[in-house]
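[1] with the sequence up front, the predicted model follows.
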Amino acid sequence: MSEEKTTTPHPMDLLLQDEKAVIVPKEGDLVTGTIISLSKNEIYLDIDGITTGIILGREIYDESDETSALKIGDKATATVVGLDNENGYMELSLREAGHKKAWDTLEELYREGTIVDSKVIDANKGGLMIKIGNVVGFLPVSQLTIEHYPRIEGGDKSKILTHLKSFVNQALKTKVIDINEKEEKLIVSEKAAWNDKQKKVISKFNVGDKVEGKVTGVVDFGAFVEFGDGLEGLVHISELAWQRIDNPRDVIKVGDHVKAEIIDIENTKISLSIKKLQKDPWVEVAAKYQIGQKVKGKVLKVNPFGAFVELDTDIHGLVHISELSSKKVANPEDLVTVGKEYEFTILTIEPKHHRLGLSLKGIDTKKDAKNKEEKQDEKKDKAEKSSKEKVVKEKKKEEKTEEKKDKETK
C-alpha cells in the first residue's frame, strides 16, 4: 500500500479560513486607525495592531476638510494606496478618502435639498466661484437672488464683474442643484435656497394684504420691494402709479420706503401694487374734462402709431396718428415734438379703461387755413411787385424813346 501524501496548509490560508481571523486590508479599502505620530508632511496610523500606515505629503490634503484639526490619539479614516513600501509601512491617503467622503456629503445635500453655506472665493463674468468644504464649485449669475443679481444699466461687463467681485469672502446660503463627482462638477443656487425660505414665510400672507417695505432694486420693468421676514415682491411698472411711466427711476429709487398691496402670489413670486393704495384720478376725470373740449397738453412720447400727451400730472391721453392731421401722415415726429405743448381737442373719455383720445386735426385745419392765407398774400405781393417792375420798365423804355427822338430832331 502506498502512503498518501499529506500537505501542510499555508498559515495565511488557515487565517483566511478562520472567521475570527483579522482580515488584512487590500488596495482601495478604507481603513480606520489611531494617529501615533503627526507632522506637517507625515502622519502615522496604527491600524488595529495589524500594521502601521503612513500618509505622506499631498495625500494628507482632505477635501472633506476634516483633517485640519487632527492630533495624536485621534481616529482617522484613509484609503489604502499601497500594501507596504520600502520601509514596510502600508501607504495610505487621506486625500482619496476625503475626496470620496466630501462628494458623498455633497450628494446627500443634493438629494435632501439641504441649504448649505457656500464661501465665495472668486468671480468671473458668468458668476461666482465658491467652496463647500474644500470642494470648488460654481454659482451662475442666473442663480443669484434678486437682491444680489447685478442690475447694471446698459449691461456694462466691467461693472457687472466689479459687482460680482464684491461678494468674494462672503458666505451665501445655497442649494446644490447639479453634481457629478466623475467630472468634478458642482453647481449651486442661491435663488433655490431663497425660494425655500420664501415658501415657508409666504404662507403668512394673502392677496389683498397691505404691506410696508423698502425698495431694494429698480429695473426697466419695475421695482423690487423687501417686506416682512425677508420676503421680496415685484411692483411692475404698470403698478407704480396711475399715470403712464416710461422709466421707473423717474418715480422711485432704491432705499425708498413704500406701502403696497399684494395683488398676486404664484409659488414664490409675489406681485405688489403701489397705485392701488392711491386714489384713482380717473374716477373724477369727467369733472375736469369733456368731449369736444379744447385742451393744452405736452407731448411725452412719440410712437409710430401716434403720441402720448400729458394733460396734467395724473391724466395722460393719446392722439392717434390718424388724428394728427387731415392729410396722410407717414411719421408723427414730422408734426409733433417731444416736450412741446400743443392744443388738442378731446375726442373720447373712458374712465374705466383709463383712456382719453385726442385730436390735433382742428388745430391742423386752422394752420392750413393760415398757411393758405399767407400763401395768397405772398402771391398777391409778388403780383404787385411784378406789376410795379413792369411799369418801371415801360417808363424807362418811353424815356429812352423820347431821348432818341430829341437827338434825331437836333
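    Perfect, thanks for sending it. Quick caveat: nothing in here was measured; it's all calculated off a predicted structure.

[2] how is the protein partitioned into domains?
    Residue ranges for the domains of the chain, per automatic domain parsing: 31-100, 113-196, 212-277, 281-363.

[3] and residue 106, which of the ones you listed is closest to it?
    When the domains of the chain are compared by Cβ to Cβ, domain 113-196 sits nearest residue 106, at 5.6 Å. Quick note: C-beta positions are derived from backbone N, CA and C, even for glycine.

[4] what about the closest one, how long is it end to end?
    Distance across domain 113-196, first residue to last, is 9 Å (Cα to Cα, to the nearest Å).

[5] with stretch 232-247 instead?
    By Cα to Cα, the extent of stretch 232-247 from end to end equals 21 Å.

[6] use 39 as the first number for this chain going forward.
    Got it, the first residue is 39 from now on, which makes the last one we talked about stretch 270-285.

[7] isn't there a helix covering residue 434?
    Yes. According to DSSP: H, G, I helix; E, B strand; the rest coil, residue 434 belongs to a helix.

[8] how close does it sit to residue 398?
    For residue 434, the distance to residue 398 equals 52 Å [Cβ to Cβ, to the nearest Å].

[9] what about the two, which has more around it?
    residue 398 (25 against 10; other Cβ atoms under 10 Å).

[10] okay but the more buried one is in contact with residue 373, surely?
    Yes. Counting by Cβ atoms under 8 Å, residue 398 does reach residue 373; the two are 7.1 Å apart.

[11] give me the common contacts of those two.
    362, 363 (Cβ atoms under 8 Å, 6 or more residues apart in numbering).

[12] which residue lies nearest the spatial centre of this protein?
    residue 187 (5.2 Å; Cα atoms, centre = their mean).

[13] okay, the nearest residue to that one once chain neighbours are set aside: pLDDT?
    Counting by Cβ to Cβ, 6 or more residues apart in numbering, residue 187 lies nearest to residue 179, which is 7.0 Å off, once chain neighbours are set aside. Looking at residue 179, its pLDDT reads 93.

[14] ok, residue 179 to residue 322 distance?
    To residue 322, residue 179 is 47 Å away according to Cβ to Cβ.

[15] so between the two, which is more surrounded?
    Taking other Cβ under 10 Å, residue 179 and residue 322 do not tie; residue 179 has more neighbours (17 against 13).

[16] and that one, what does it touch?
    Listed by Cβ under 8 Å, 6+ apart, the contact set of residue 179 reads 164, 165, 187, 188, 198, 202.

[17] bridging residues for the second one?
    By that I understand residue 165. residue 162, residue 178 (DSSP bridges).

[18] what about residue 198, which helix or strand?
    Per DSSP states H and E, residue 198 falls inside helix 195-203.

[19] packing partners for that helix?
    strand 153-162 (3 or more Cβ pairs under 8 Å, 6 or more residues apart in numbering; DSSP states H and E).

[20] now do the strand it packs on against helix 195-203, angle only.
    150 degrees (axes from the mean of the first three to the mean of the last three Cα atoms, to 10 degrees).
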